[in-house]
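> requesting a structural model of the entry that follows:
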Amino acid sequence: MRYLYVIWAMLWFVALFLCLFPFFLLLSLFGGWGRKAIWQLIRGWSYVWFFLIGMPVRRIYKQKPVKGKPYIVVANHASYIDTPLIFRSIPFFVRPLAKIELARIPLFGFLYKQMAVLVDRSDAQSKFRSVHMLRRTLQREGSIFIFPEGTFNETTDPLKSFYDGAFRLALRTRTPILPVVFPDAVKRWHYSGFWQWRPGVNRAIFLPEVPVDGFAVDDVAGLKQKVFEMMWAAKVAAE
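I've put the predicted structure just below:
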(Lines give C-alpha, C1' and ligand atoms only; values in the text may rest on other atoms or scores of the structure.)
Protein backbone atom coordinates (compact mmCIF):
# COMPACT_ATOMS: atom_id res chain seq x y z
CA MET A 1 0.00 0.00 0.00
CA ARG A 2 2.89 2.39 0.70
CA TYR A 3 4.12 2.11 -2.89
CA LEU A 4 0.63 2.83 -4.23
CA TYR A 5 0.35 5.80 -1.91
CA VAL A 6 3.66 7.29 -3.07
CA ILE A 7 2.74 6.78 -6.73
CA TRP A 8 -0.63 8.47 -6.08
CA ALA A 9 1.07 11.42 -4.37
CA MET A 10 3.68 11.89 -7.10
CA LEU A 11 1.17 11.58 -9.95
CA TRP A 12 -0.96 14.35 -8.43
CA PHE A 13 2.13 16.48 -7.80
CA VAL A 14 3.20 16.23 -11.44
CA ALA A 15 -0.32 16.60 -12.85
CA LEU A 16 -1.03 19.77 -10.88
CA PHE A 17 2.37 21.18 -11.77
CA LEU A 18 1.87 20.58 -15.50
CA CYS A 19 -1.58 22.21 -15.39
CA LEU A 20 -0.12 25.34 -13.83
CA PHE A 21 3.15 25.47 -15.76
CA PRO A 22 1.84 27.67 -18.65
CA PHE A 23 0.72 30.24 -16.06
CA PHE A 24 4.14 30.10 -14.38
CA LEU A 25 5.76 30.81 -17.75
CA LEU A 26 3.49 33.77 -18.41
CA LEU A 27 3.83 35.30 -14.94
CA SER A 28 7.61 34.94 -15.00
CA LEU A 29 7.64 37.84 -17.49
CA PHE A 30 6.39 40.31 -14.86
CA GLY A 31 9.27 40.51 -12.38
CA GLY A 32 8.46 40.97 -8.69
CA TRP A 33 4.70 41.25 -9.27
CA GLY A 34 4.75 38.05 -11.30
CA ARG A 35 6.77 36.27 -8.61
CA LYS A 36 4.13 37.08 -6.00
CA ALA A 37 1.39 35.87 -8.34
CA ILE A 38 3.34 32.62 -8.87
CA TRP A 39 3.57 32.31 -5.08
CA GLN A 40 -0.24 32.45 -4.85
CA LEU A 41 -0.61 29.79 -7.55
CA ILE A 42 1.88 27.48 -5.81
CA ARG A 43 0.06 28.09 -2.55
CA GLY A 44 -3.23 27.03 -4.12
CA TRP A 45 -1.52 24.00 -5.65
CA SER A 46 -0.12 23.03 -2.23
CA TYR A 47 -3.58 23.24 -0.59
CA VAL A 48 -5.04 20.87 -3.17
CA TRP A 49 -2.06 18.48 -3.15
CA PHE A 50 -1.75 18.11 0.63
CA PHE A 51 -5.51 17.48 0.80
CA LEU A 52 -5.42 14.82 -1.92
CA ILE A 53 -2.55 12.92 -0.29
CA GLY A 54 -4.05 12.96 3.20
CA MET A 55 -1.51 15.29 4.83
CA PRO A 56 -3.52 18.10 6.43
CA VAL A 57 -1.38 21.04 7.57
CA ARG A 58 -2.07 22.59 10.94
CA ARG A 59 -0.61 25.96 11.91
CA ILE A 60 0.03 26.55 15.62
CA TYR A 61 0.83 30.12 16.63
CA LYS A 62 2.72 30.84 19.82
CA GLN A 63 2.62 34.41 18.51
CA LYS A 64 1.09 35.54 15.22
CA PRO A 65 3.45 37.25 12.77
CA VAL A 66 2.70 40.90 12.02
CA LYS A 67 1.01 41.24 8.65
CA GLY A 68 3.16 42.98 6.06
CA LYS A 69 6.30 42.94 8.22
CA PRO A 70 9.46 41.50 6.60
CA TYR A 71 11.00 38.53 8.42
CA ILE A 72 13.85 36.12 8.03
CA VAL A 73 11.89 32.90 8.53
CA VAL A 74 13.95 29.93 9.73
CA ALA A 75 12.81 26.32 10.15
CA ASN A 76 14.25 22.90 10.90
CA HIS A 77 15.02 20.65 7.93
CA ALA A 78 14.68 16.88 7.96
CA SER A 79 12.55 15.88 4.98
CA TYR A 80 11.96 16.39 1.26
CA ILE A 81 8.39 17.37 2.17
CA ASP A 82 9.75 20.53 3.82
CA THR A 83 9.89 22.42 0.51
CA PRO A 84 6.19 22.11 -0.45
CA LEU A 85 5.39 22.60 3.24
CA ILE A 86 6.90 26.10 3.06
CA PHE A 87 4.28 27.18 0.53
CA ARG A 88 1.42 25.47 2.36
CA SER A 89 2.23 26.60 5.89
CA ILE A 90 3.75 30.10 5.61
CA PRO A 91 0.76 32.48 5.27
CA PHE A 92 2.68 35.28 3.55
CA PHE A 93 5.10 35.68 0.64
CA VAL A 94 8.65 34.42 1.23
CA ARG A 95 11.57 33.72 -1.08
CA PRO A 96 13.47 30.59 0.01
CA LEU A 97 17.24 30.23 -0.13
CA ALA A 98 17.95 27.01 -2.02
CA LYS A 99 20.79 24.92 -3.40
CA ILE A 100 21.52 25.55 -7.07
CA GLU A 101 21.28 21.81 -7.81
CA LEU A 102 17.46 22.05 -7.60
CA ALA A 103 17.42 24.43 -10.56
CA ARG A 104 18.74 21.63 -12.80
CA ILE A 105 15.56 19.54 -12.47
CA PRO A 106 13.64 19.70 -15.79
CA LEU A 107 10.64 22.09 -15.72
CA PHE A 108 10.51 22.20 -11.93
CA GLY A 109 13.93 23.85 -11.98
CA PHE A 110 12.49 26.73 -14.00
CA LEU A 111 9.90 27.35 -11.30
CA TYR A 112 12.52 27.16 -8.58
CA LYS A 113 14.61 29.77 -10.36
CA GLN A 114 11.63 32.13 -10.28
CA MET A 115 10.84 31.69 -6.60
CA ALA A 116 14.08 30.85 -4.79
CA VAL A 117 17.37 32.64 -4.28
CA LEU A 118 19.84 30.03 -5.52
CA VAL A 119 23.30 29.50 -4.07
CA ASP A 120 26.23 27.32 -5.04
CA ARG A 121 27.95 26.69 -1.72
CA SER A 122 31.20 25.71 -3.44
CA ASP A 123 31.46 29.10 -5.18
CA ALA A 124 32.31 32.18 -3.09
CA GLN A 125 31.02 34.53 -5.77
CA SER A 126 27.67 32.69 -5.85
CA LYS A 127 27.40 33.08 -2.08
CA PHE A 128 28.04 36.80 -2.40
CA ARG A 129 25.38 37.16 -5.11
CA SER A 130 22.83 35.21 -3.06
CA VAL A 131 23.37 37.44 -0.02
CA HIS A 132 22.88 40.49 -2.24
CA MET A 133 19.62 39.01 -3.60
CA LEU A 134 18.38 38.17 -0.11
CA ARG A 135 19.02 41.73 1.05
CA ARG A 136 17.25 43.13 -1.98
CA THR A 137 14.27 40.85 -1.38
CA LEU A 138 13.96 42.08 2.22
CA GLN A 139 14.08 45.69 1.02
CA ARG A 140 11.76 45.43 -1.99
CA GLU A 141 9.61 42.31 -1.91
CA GLY A 142 9.08 40.94 1.61
CA SER A 143 10.34 38.05 3.69
CA ILE A 144 12.90 35.34 3.02
CA PHE A 145 13.08 31.71 4.18
CA ILE A 146 16.24 29.85 5.22
CA PHE A 147 16.92 26.38 6.63
CA PRO A 148 19.74 27.28 9.06
CA GLU A 149 20.81 23.64 9.41
CA GLY A 150 21.73 23.72 5.74
CA THR A 151 21.03 20.03 5.08
CA PHE A 152 18.80 17.31 6.52
CA ASN A 153 19.14 16.62 10.21
CA GLU A 154 20.01 12.92 10.13
CA THR A 155 21.09 12.84 13.78
CA THR A 156 19.07 11.66 16.78
CA ASP A 157 19.06 15.21 18.18
CA PRO A 158 16.06 17.53 17.67
CA LEU A 159 18.24 19.91 15.60
CA LYS A 160 21.61 20.05 13.89
CA SER A 161 23.94 22.96 14.55
CA PHE A 162 23.03 26.15 12.66
CA TYR A 163 25.06 27.99 10.07
CA ASP A 164 25.68 31.69 10.65
CA GLY A 165 24.22 33.08 7.42
CA ALA A 166 20.62 33.77 8.40
CA PHE A 167 21.64 35.41 11.66
CA ARG A 168 24.42 37.51 10.18
CA LEU A 169 21.96 38.77 7.56
CA ALA A 170 19.37 39.53 10.24
CA LEU A 171 21.84 41.63 12.20
CA ARG A 172 23.16 43.51 9.19
CA THR A 173 19.68 44.32 7.84
CA ARG A 174 18.09 44.71 11.31
CA THR A 175 15.39 42.22 10.31
CA PRO A 176 13.67 40.09 12.98
CA ILE A 177 13.93 36.31 12.91
CA LEU A 178 10.70 34.29 12.78
CA PRO A 179 11.39 30.70 13.95
CA VAL A 180 9.09 27.94 12.69
CA VAL A 181 9.24 24.26 13.67
CA PHE A 182 8.06 21.40 11.42
CA PRO A 183 7.91 18.54 13.97
CA ASP A 184 6.06 16.01 11.78
CA ALA A 185 7.69 16.38 8.36
CA VAL A 186 10.27 13.61 8.85
CA LYS A 187 7.44 11.22 9.82
CA ARG A 188 5.49 12.10 6.67
CA TRP A 189 8.46 11.55 4.30
CA HIS A 190 11.57 10.14 5.91
CA TYR A 191 14.88 11.25 4.41
CA SER A 192 16.14 7.65 4.32
CA GLY A 193 14.29 6.69 1.15
CA PHE A 194 12.02 7.75 -1.69
CA TRP A 195 9.26 5.35 -0.64
CA GLN A 196 9.23 6.32 3.04
CA TRP A 197 5.95 8.28 2.95
CA ARG A 198 3.12 8.17 5.50
CA PRO A 199 -0.11 10.20 5.49
CA GLY A 200 -0.95 12.26 8.57
CA VAL A 201 -0.94 15.75 10.03
CA ASN A 202 1.88 18.19 9.34
CA ARG A 203 2.16 20.79 12.10
CA ALA A 204 3.86 24.14 11.58
CA ILE A 205 4.59 25.78 14.93
CA PHE A 206 5.21 29.52 14.73
CA LEU A 207 7.32 30.74 17.64
CA PRO A 208 7.50 34.37 18.81
CA GLU A 209 9.61 36.58 16.56
CA VAL A 210 13.12 37.36 17.76
CA PRO A 211 13.96 41.07 17.35
CA VAL A 212 17.58 41.96 16.70
CA ASP A 213 17.47 45.27 18.61
CA GLY A 214 19.05 43.74 21.70
CA PHE A 215 22.01 42.31 19.80
CA ALA A 216 25.14 44.04 18.58
CA VAL A 217 25.65 43.90 14.83
CA ASP A 218 28.49 41.39 15.26
CA ASP A 219 26.76 39.17 17.88
CA VAL A 220 25.93 36.39 15.44
CA ALA A 221 26.64 33.68 18.02
CA GLY A 222 24.27 35.21 20.58
CA LEU A 223 21.34 35.58 18.18
CA LYS A 224 21.92 32.13 16.71
CA GLN A 225 22.03 30.52 20.16
CA LYS A 226 18.80 32.19 21.25
CA VAL A 227 16.90 30.99 18.17
CA PHE A 228 18.46 27.53 18.40
CA GLU A 229 17.35 27.11 22.03
CA MET A 230 13.80 28.28 21.23
CA MET A 231 13.46 25.85 18.33
CA TRP A 232 15.08 22.98 20.25
CA ALA A 233 12.63 23.41 23.14
CA ALA A 234 9.64 23.67 20.79
CA LYS A 235 10.68 20.57 18.83
CA VAL A 236 11.16 18.53 22.02
CA ALA A 237 7.78 19.69 23.38
CA ALA A 238 6.04 18.79 20.09
CA GLU A 239 7.43 15.25 20.11
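
> would you state the strands of this protein in chain order?
Per DSSP state E, the chain carries strands over the ranges 57-61, 72-75, 94-99, 117-119, 143-146, 177-181, 202-206.

> what's the least confident stretch among these?
Lowest mean pLDDT of the strands of the chain: strand 117-119, a mean of 83.

> just for the chain, where's the confidence low?
122 (pLDDT under 70).

> what's near enough to touch the residue nearest the centre of it?
Note on the chain: the residue nearest the mean C-alpha position is residue 86, at 4.3 Å, using CA atoms, centre = their mean. When contacts are counted by CB atoms under 8 Å, 6 or more residues apart in numbering, residue 86 touches 75, 94, 96, 145. Placement of C-beta: from N, CA and C, glycine included.

> is it possible to get CSV of these that adds neighbour count and distance to residue 48?
Output for the contacts of residue 86, formatted as CSV (neighbours: other CB atoms under 10 Å; distance: CB to CB, whole Å):
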residue, neighbour count, distance to residue 48
75, 26, 22
94, 24, 20
96, 21, 20
145, 24, 21
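
> which one of the residues you listed is nearest residue 193?
The closest of the contacts of residue 86 to residue 193 turns out to be residue 75 (CB to CB; 22.3 Å).

> how far away from the center of its chain is stretch 13-31?
Relative to the centre of its chain, stretch 13-31 is centred 20 Å away, using CA atoms, centre = their mean, to the nearest Å.

> could you report the neighbour count for residue 69?
Residue 69: 13 surrounding residues under other CB atoms under 10 Å.

> excluding chain neighbours, what is closest to it?
Distance criterion CB to CB, 6 or more residues apart in numbering; nearest residue to residue 69, sequence neighbours excluded, is residue 176 at 7.6 Å.
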